[in-house]
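A.B. asks: Okay, predicted coordinates and the sequence, questions at the end:
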Amino acid sequence: MSKDLVFATDIDGCVLKMNDLFADYFSEKYKTCLRYEDITDYNIENLIEGITKDEVREAFYDIIDQQTLEVEDQSKEVLSWVSELSKRVLIFITSRNPKLGVKTYDNLNKFFNDMDFVVFHEQKETRKSDYINKYGINLFIEDNLDTALDIVANTNCKVLLRDRPWNRHINIKSFKNLERVFNWIQVRDFIYANYNC
Ligand SMILES: [Mg+2]
């Protein structure tokens, strides 16, 4: 039986193309040859010898600051449709530090200024799964495998894992409520097939 959609999505790696810029940033700053395809670990400090977690964080902040992030193909169209369909404010849930709140809003407002949206920031005491339970979200888009696994283990929410080089190391077929998608059109088609439209 179809149900009403209560939707939310992660931002970086799902809606905004963070990691393409990350690869370029690192190649330029640290004279490495890191390409998008080489990012096979979500924690980039594990991929480049001598790079610390703090340097990765600094790169992340720099990129956000530059406001050069681009939007994922078709995400704008699909999110606009979702927002009308669900008759709700669009919810983004991010692991970005809450102190990046204003900059995050600016990043998103560049592309989604015609939609009402809200951003929740994951923190130590409030994980994404907590927000999902609190707001009864039943469909979430995520690219971090650990986060996706935490959500399916602790909520009844369906998670569509956006395929990325950093989340291919586990076969997710055995996990209930977890499915891999390769683009936003597949997200749209999944909603068509499973929710009241
Ligand atoms: Mg992400």
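C.D. replies: The structure has been received and is ready for your questions. From a predicted model like this one, the values you see are computed outputs, not experimental measurements.

A.B. asks: what's the closest non-adjacent residue to the residue of the chain at minimum distance from the ion?
C.D. replies: The chain approaches the ion most closely through G13 (3.6 Å), counting by C-beta to the ion. All C-beta spots, glycine's among them, are computed from the backbone N, C-alpha and C. With sequence-adjacent residues excluded and distances taken as C-beta to C-beta, 6 or more residues apart in numbering, G13 is closest to D143, at 3.7 Å.

A.B. asks: Against R180, how distant is the one you found?
C.D. replies: Distance from D143 to R180, counting by C-beta to C-beta, to the nearest Å: 10 Å.

A.B. asks: Can you pull the residues that touch both of those two?
C.D. replies: Residues touching both D143 and R180 (C-beta atoms under 8 Å, 6 or more residues apart in numbering) are L161.

A.B. asks: Neighbour count: these two, which is higher?
C.D. replies: Per other C-beta atoms under 10 Å, whichever of D143 and R180 has more neighbours is D143, with 23 against 17.

A.B. asks: Contacts only, for that one.
C.D. replies: D10, D12, G13, C14, L161, R162, R164, W166, N167.

A.B. asks: Quick check on the third one: phi, psi?
C.D. replies: Torsion angles at G13 (phi, psi; degrees, to the nearest 10) stand at phi 90, psi -10.

A.B. asks: at contact distance from the ion, anything in the worst-scoring helix or strand of the chain on mean pLDDT?
C.D. replies: Every helix and strand in the chain was compared by mean pLDDT, DSSP states H and E; the lowest is helix 18-30, with a mean of 85. No. Helix 18-30 lies apart from the ion when judged by C-beta under 5 Å from the ion; the minimum separation is 7.1 Å.

A.B. asks: what's the following helix or strand after that helix?
C.D. replies: Where DSSP states H and E defines the elements, the next helix or strand beyond helix 18-30 is helix 53-66.

A.B. asks: touching the ion at all, that next one?
C.D. replies: No. Contact between helix 53-66 and the ion is absent, the nearest approach being 11.1 Å (criterion: C-beta under 5 Å from the ion).

A.B. asks: Equivalent analysis for stretch 109-126, please.
C.D. replies: No. Using C-beta under 5 Å from the ion, stretch 109-126 stays clear of the ion, coming no nearer than 10.4 Å.

A.B. asks: buried residues in the least confident helix or strand of the chain?
C.D. replies: Within helix 18-30, the residues scored as buried using 16 or more other C-beta atoms under 10 Å are M18, N19, L21, F22, A23, Y25, F26.

A.B. asks: ok, how many other residues are close to Q123?
C.D. replies: 11.

A.B. asks: pLDDT score assigned to the closest residue to it other than its chain neighbours?
C.D. replies: With sequence-adjacent residues excluded and distances taken as C-beta to C-beta, 6+ apart, Q123 is closest to P98, at 6.6 Å. Confidence at P98, expressed as pLDDT, is 95.
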